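Visitor: Okay, sequence plus prediction incoming.
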Amino acid sequence: MFTQAENLDALSEILETVRLHGDAVVRFAPPPPFEVTIPDGIRLLHIVERGTIRLRVGDRPPILLGPGDLVLLGCGDGHSLEVGTGATARPLRDSDTFRLDTELADPEAPRWVTGTFAVQEAIAAPLLSVLPPAIHIPASPGDRPWLAAILPVLLIEVTNPNPGAAVMISRVLDLLFIHTLRAWFASNDAQPGWLTAAMDPALGPVLAAIHRDPSKPWTVSTLAGEARMSRSAFAERFTRLLGRAPSAYVTERRLDRAAELLRSTTDPVSRIAADVGYTSDAAFSRAFHRRYGDAPQRWRKLTAR
């Protein structure tokens, strides 16, 4: 009998580690012209239901979003949504939300939904930093039937909530996040990083093995065996797709696992150090401080607040 942990692929393992899950959805239809600003630090996605909206992230060229388009801002970059000219910036307000059956004064007013994600930030930040500021998925029913199929389900739960709606919305947002990552990877726009490697057929199983047992004394040779590749070919492919050497990734994963244990258990630091493969408490503390900026015990206190 296989356990859930044994069946998790590398991407699933990473998403489990960062505790990413869909949080909430709000529907917006402010009368134009407008410029809605969203501050830094909110990981979210927007899906346009109606109209055309410009999205600006920093000084990058604006992204034009049409009906059915999705854009994921997985790193939490501040941005704005604009319609019309001479717009005055305004914050998001509950009064900007509308039910599906609401008749707006202006039937042409743009309308979109925004879904937010919650993560364990201290662990997620280094892992999700590989994502671009915005991943734009244009509506294309023929190429992306998942988007056309999932959006109506999301709208039903938002506009006509029934028992269990909060869980349904969370699960739907999770699906949208993962499908968007897959589409980004397939577009060949992915840069070297954990996501690129996690979705690679040869390296994905290797990352999953590391995540399942980071304390194992992994070497380049044993990892190459997991990938069924020669040592040199594996090391080159791993470094090219992940952007770091295999030994460096193993160290990072051990420390990420340690952070997870520090946050979720009351185990002594020395036991956690041993659980993730360190034989020296001092070596573990130094390595943890380099990755997270604090000693393990202090980091535990800070994240517990």
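Guide: In hand now; what should we look at? Numbers count the residues shown, from 1 in each chain.
Visitor: Would you state the helices of the stretch 151-300 of the chain in chain order?
Guide: When secondary structure is read from DSSP state H, counting those that start in this stretch, the stretch 151-300 of the chain shows helices at 165-186, 194-198, 203-212, 220-227, 231-242, 246-264, 269-275, 281-292, 296-303.
Visitor: Deepest-packed of these, please.
Guide: Burial of the helices of the stretch 151-300 of the chain is given as mean neighbour count (mean count of other CB atoms under 10 Å); helix 194-198 ranks first at a mean of 23. (Glycine included, C-beta is placed from N, CA and C.)
Visitor: For the closest residue in space to residue 63 that isn't next to it in sequence, which residues are in contact?
Guide: Once flanking residues are discounted, residue 63 sits nearest to residue 55: 4.5 Å by CB to CB, 6 or more residues apart in numbering. By CB atoms under 8 Å, 6 or more residues apart in numbering, residue 55 lies in contact with 46, 62-65, 71, 79-82, 134.
Visitor: same thing with residue 180?
Guide: Listed by CB under 8 Å, 6+ apart, the contact set of residue 180 reads 45, 70, 72, 135, 137.
Visitor: again, only using 7 Å
Guide: Contacts of residue 180 were listed using CB atoms under 7 Å, 6 or more residues apart in numbering, and they are 70, 72, 135, 137.
Visitor: do residue 43 as well
Guide: The contact partners of residue 43, by CB under 7 Å, 6+ apart, come to 73-74, 76, 116-117, 119.
Visitor: Mind doing that once more with 8 Å?
Guide: Residue 43 is in contact with 73-76, 116-117, 119, 128, counting by CB under 8 Å, 6+ apart.
Visitor: Tell me the one among these nearest to residue 166.
Guide: residue 116 (12.8 Å; CB to CB).
Visitor: Provide a PyMOL selection command restricted to the buried entries of the contacts of residue 55.
Guide: Burial among the contacts of residue 55 is assessed by 16 or more other CB atoms under 10 Å; the matching PyMOL selection reads:
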select buried, resi 46+63+65+71+79+80+81+82+134
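Visitor: per-residue pLDDT, the residue positioned nearest the centre of the chain?
Guide: By CA atoms, centre = their mean, the chain has its centre lying nearest to residue 74, at 5.2 Å. pLDDT for residue 74: 91.
Visitor: Check which helix or strand residue 23 maps to.
Guide: strand 21-28 (DSSP states H and E).
Visitor: any idea of the angle that strand forms with helix 165-186?
Guide: Calculated by axes from the mean of the first three to the mean of the last three CA atoms, to 10 degrees, strand 21-28 forms an angle of 100 degrees with helix 165-186.
Visitor: Direction included, what does strand 21-28 pair up with?
Guide: With DSSP bridges as the test, strand 21-28 is paired with strand 111-118 (antiparallel).
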